[in-house]
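>>> All I have is the shape, not the residue letters:
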């Protein structure tokens, strides 16, 4: 359990290795739920995305996600959780984010993984910039993401 | 009191990485934003009250009513879009 719970990195991650590290030595876990987010080549009406650049706020990013994992432990009966998020320049098809949660039975891990993603989407300081043949632009926050967090009783107030 | 102001994403592109700022006693995040807007130019444009700007005090998302303290780190940035 000494593995850090949050990893912000430029390089790719290995899903199998991440899960193995999360489960290591814990035979009380009967469920592992993972969510992997990947870079799309389209976004709404926007087509032909060539690359995605991710900026973050070093220090605050890690601290905010640590706090989200603490909150997930308070709300759900989970054994361990880990979040990996990439920053820098990414191409369509690449992995961008991983949320992995273990619990005794599947229900709590499913819920906690969704909670962590909903929370991260609207509260962790990351910003995406998409590049197409026509130029690049910052991605707008989505009201739907604020609404997703509201299901958990938390007001996001991000997309406004 | 002296605070460190940082900008991220589109605000960083318009205003730079950040700056040291001397704030008067009793200053809040909101009054600091108003002072920056009063400079005019790019500051007035990107920090305008009609725009969605989020702020953090000492690396925590914060309300603009929160009071500053000497040595604080303040950040202004657009709504977040990670995940």
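The structure has been received and is ready for your questions. Note that the structure is a prediction, hence the values are computed from the model and not measured. Numbering: from 1, shown residues only, chains lettered A, B, ... in the order given.
>>> so what secondary structure elements neighbour the helix or strand containing residue B:5?
Assigned by DSSP states H and E, residue B:5 belongs to strand B:2-7. Here strand B:2-7 touches strand B:18-22, helix B:29-37, strand B:73-77, going by 3 or more C-beta pairs under 8 Å, 6 or more residues apart in numbering or on different chains; DSSP states H and E. Yep, even glycine has a C-beta here, placed from its N, CA and C like the rest.
>>> pLDDT below threshold where in chain A?
Where chain A drops to pLDDT under 70, the residues are A:1-3.
>>> Could you pull up the contacting residues of residue A:28?
Residue A:28 makes contacts with A:79, A:104, as judged by C-beta atoms under 8 Å, 6 or more residues apart in numbering or on different chains.
>>> For chain A, what's the nearest residue on chain B?
Nearest residue of chain B to chain A (C-beta to the nearest C-beta) works out as residue B:82 at 2.7 Å.
>>> which phi and psi does that residue have?
phi -80, psi -170 (degrees, to the nearest 10).
>>> Report the separation between it and residue B:25.
Computed with C-beta to C-beta, to the nearest Å, the distance linking residue B:82 and residue B:25 is 36 Å.
>>> ok, those two, which is more surrounded?
Ranked by neighbour count (other C-beta atoms under 10 Å in any protein chain shown), residue B:82 and residue B:25 place residue B:82 first, with 24 against 8.
>>> Show me which residues of chain A sit near chain B.
For chain A, the contact set with chain B under C-beta under 8 Å from any C-beta of the partner chain comprises A:37, A:54-57, A:59-60, A:63-64, A:85, A:96-97, A:117, A:120-129, A:138-141, A:145, A:158-160.
>>> Need the buried ones from those residues selected in PyMOL.
Filtering the residues of chain A next to chain B down to the buried ones (16 or more other C-beta atoms under 10 Å in any protein chain shown) takes a single PyMOL command:
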select buried, chain A and resi 37+54+55+56+57+60+63+64+85+96+97+117+120+121+122+123+124+125+126+127+128+129+138+139+141+145+158+159
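>>> And the pLDDT at the residue of chain B closest to chain A?
In this model, residue B:82 is scored at 96, pLDDT.
>>> who are the neighbours in contact with it?
Counting by C-beta under 8 Å, 6+ apart, residue B:82 makes contact with A:54, A:56, A:85, A:97, A:120, A:121, A:124, A:125, A:126, A:127, A:128.
>>> The same query, at a cut-off of 6 Å, please.
Residue B:82 sits next to A:124, A:126 when contact means C-beta atoms under 6 Å, 6 or more residues apart in numbering or on different chains.
>>> now residue B:36
Neighbouring residues of residue B:36 by C-beta under 6 Å, 6+ apart: B:43, B:47.
>>> ok, and for stretch A:86-96, which residues are buried?
A:86, A:87, A:90, A:95, A:96.
>>> Identify the residues contacting it?
Counting by C-beta under 6 Å, 6+ apart, A:10, A:36, A:37, A:38, A:39, A:41, A:51, A:52, A:53, A:54, A:56 sit against stretch A:86-96.
>>> Quick one: the strands in chain A, in order.
Applying DSSP state E to chain A gives strands spanning A:6-9, A:31-38, A:51-56, A:78-86, A:88-90, A:95-103, A:126-132, A:135-138.
>>> Just send those back as a markdown table, with distance to residue B:20 too.
As requested, the strands of chain A are arranged in a markdown table below (distance: least, C-beta to C-beta, whole Å):
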| stretch | distance to residue B:20 |
| --- | --- |
| strand A:6-9 | 26 |
| strand A:31-38 | 37 |
| strand A:51-56 | 22 |
| strand A:78-86 | 30 |
| strand A:88-90 | 28 |
| strand A:95-103 | 34 |
| strand A:126-132 | 24 |
| strand A:135-138 | 26 |
